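Participant: One predicted model, sequence on top.
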Amino acid sequence: MTGAYLPGNSTVVLKEVAVPAPGHGEVLLRMKASTICGSDIRCIYHEHLGKGPEGYQGVIAGHEPCGQIVKVGPGCRRFGEGDRVIVYHISGCGVCNDCRRGYMISCTSAQYRRAYGWQRDGGMAEFLLAEEKDLIALPPELSYADGAQVACGFGTVYEGLEKVGISGNDAVLITGLGPVGLATAALCRKLGARQIIGIDVVKERMRLALDLKLCDEVLASGADNVAEVRALTGGQGVERAVDCSANDAARATAIRATRKWGRIVFLGEGGRVEFNPSPDLIHDQKTIFGSWVTSTWLMEELVERLVAWKLHPADLVTHRFALDQVGEAYALMASGRCGKVAVCFDEEMN
Ligand SMILES: [Zn+2]
Ligand SMILES: [Zn+2]
């Protein structure tokens, strides 16, 4: 089979490798959709910058896989051949405290924690070997391209929004309108937010947020953003802010444009932020949350809600590529002039 590797110089290398055979508790998936994440670009594609959980170990790339089971190893307990599944993208040891909570993302076992596309083969190939315990059932109402975004993208957002709580009381500010920011807007709509304001620098992304009716207002990133957000919210600021940019200035905007008693959650990874704790946070009784990916149980809950809400994450996919054009797919994602970029197979190509 063909698999895609990222040597770290802004190129992609395709190699022929053997189709793996599932061992105990493992399944073989025929890949159907594999989306590209901002972290693939930030930590692997240009240069191998990631350390620890973000250390790329020369495996087949792609940590947002979704496919169909074609072979089941011995000892599997739930899933069988033909099942459509989403893969939680970090395979944990299964027995540490974090794994037992469903947060394999923060598995504490240095020996057994391996993320798909980082430390074990990922979804940019015709087939993927996955552990049954990492799988979430994909209901028939959702496509594989929907499913590919449930773990890392929409799952990460859903987790963060559950932490701060979103309701019809809330005006929400989203800093950064890449795929995670757009997913935030889509979920905030369904959770009933009364006003959604987005900020970005890339024109294509600002356009997309308005065209898909995900944001009510979109602002170009700039020094006046706090005053602009206040002006749009009766002078008060927003009840909730979600940073999906990882940009220092945008994070400070998220904090300062949030009103008294408001909540801010940081989802964007890397970078720094500078703010003045007394006026910006303490005196206004605000809370900042950090949120890292999600858990398997919350992913299952999200899948159920996506069906109930008729929300299709694939609506954010602006470009689909076949595996042999995967180089173009990564280059486009690196340019930022796109929504979500997917490598697709079989029926998902249409
Ligand atoms: Zn990701
Ligand atoms: Zn663990």
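Facilitator: Right, received. Where do you want to start? Ligands and ions are numbered 1, 2, ... in the order given.

Participant: What is the burial count for Met31?
Facilitator: Burial measure for Met31: 28 neighbouring residues, criterion other C-beta atoms under 10 Å. C-beta coordinates here come from the backbone N, C-alpha and C atoms, glycine included.

Participant: so it makes contact with Phe127?
Facilitator: Yes. Using C-beta atoms under 8 Å, Met31 and Phe127 qualify as a contacting pair, with a distance of 6.4 Å.

Participant: residues in contact with Pro179?
Facilitator: Taking C-beta atoms under 8 Å, 6 or more residues apart in numbering, we find Pro179 in contact with 35, 37-38, 149, 153, 316, 339-340.

Participant: Any chance of CSV for those, columns secondary structure?
Facilitator: Rendered in CSV, the data for these read as follows (DSSP: H, G, I helix; E, B strand; the rest coil):
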residue, secondary structure
Thr35, strand
Cys37, coil
Gly38, helix
Gln149, coil
Gly153, helix
Leu316, helix
Gly339, coil
Lys340, strand
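
Participant: pLDDT score assigned to the residue sitting furthest away from the middle of the chain?
Facilitator: Largest separation from the mean C-alpha position in the chain: His283, at 33.1 Å (C-alpha atoms, centre = their mean). We note a pLDDT of 98 for His283 in this prediction.

Participant: same question, Asn350
Facilitator: Per the predicted model, pLDDT is 73 at Asn350.

Participant: residue contacts, the residue of the stretch 51-200 of the chain found nearest ligand 1?
Facilitator: Relative to ligand 1, the nearest point of the stretch 51-200 of the chain is Cys152 (3.2 Å; C-beta to the ion). Cys152 is in contact with 37, 39, 63-64, 89, 293, counting by C-beta under 8 Å, 6+ apart.

Participant: Could you pick out the residues of the stretch 101-250 of the chain near ligand 1 for me?
Facilitator: When proximity is defined as C-beta under 5 Å from the ion, the stretch 101-250 of the chain approaches ligand 1 at Cys152.

Participant: and the residue nearest to Asp200 when sequence neighbours are not counted, how many neighbours?
Facilitator: Nearest residue to Asp200, sequence neighbours excluded (C-beta to C-beta, 6 or more residues apart in numbering): Leu177, at 3.9 Å. Counted by other C-beta under 10 Å, the residues lying close to Leu177 total 29.

Participant: and what of Glu348?
Facilitator: The local packing count at Glu348 equals 23, with neighbours defined by other C-beta under 10 Å.

Participant: related to what we said a few turns ago, want to try a markdown table for the contacts of Pro179, with pLDDT and distance to ligand 2 as columns?
Facilitator: As requested, the contacts of Pro179 are arranged in a markdown table below (pLDDT from 0 to 100; distance: C-beta to the ion, whole Å):
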| residue | pLDDT | distance to ligand 2 |
| --- | --- | --- |
| Thr35 | 97 | 25 |
| Cys37 | 95 | 22 |
| Gly38 | 91 | 25 |
| Gln149 | 95 | 24 |
| Gly153 | 94 | 23 |
| Leu316 | 94 | 31 |
| Gly339 | 90 | 33 |
| Lys340 | 94 | 29 |
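
Participant: can you tell me which of those residues lies nearest to Ala223?
Facilitator: For Ala223, the nearest member of those is Gly38. The distance, counting by C-beta to C-beta, is 24.7 Å.

Participant: what separates that closest one from Leu281, distance-wise?
Facilitator: 27 Å (C-beta to C-beta, to the nearest Å).

Participant: More neighbours: the two, which one.
Facilitator: The residue with more neighbours, out of Gly38 and Leu281 and counting by other C-beta under 10 Å, is Gly38; that gives 21 against 17.

Participant: Excluding chain neighbours, what is closest to the more buried one?
Facilitator: Leaving aside its chain neighbours, Gly38 sits nearest to Gly178 (5.8 Å; criterion: C-beta to C-beta, 6+ apart).

Participant: Contact partners for that neighbour?
Facilitator: Contacts were defined as C-beta under 8 Å, 6+ apart; by that measure Gly178 touches 38, 200, 205, 244-245, 336.
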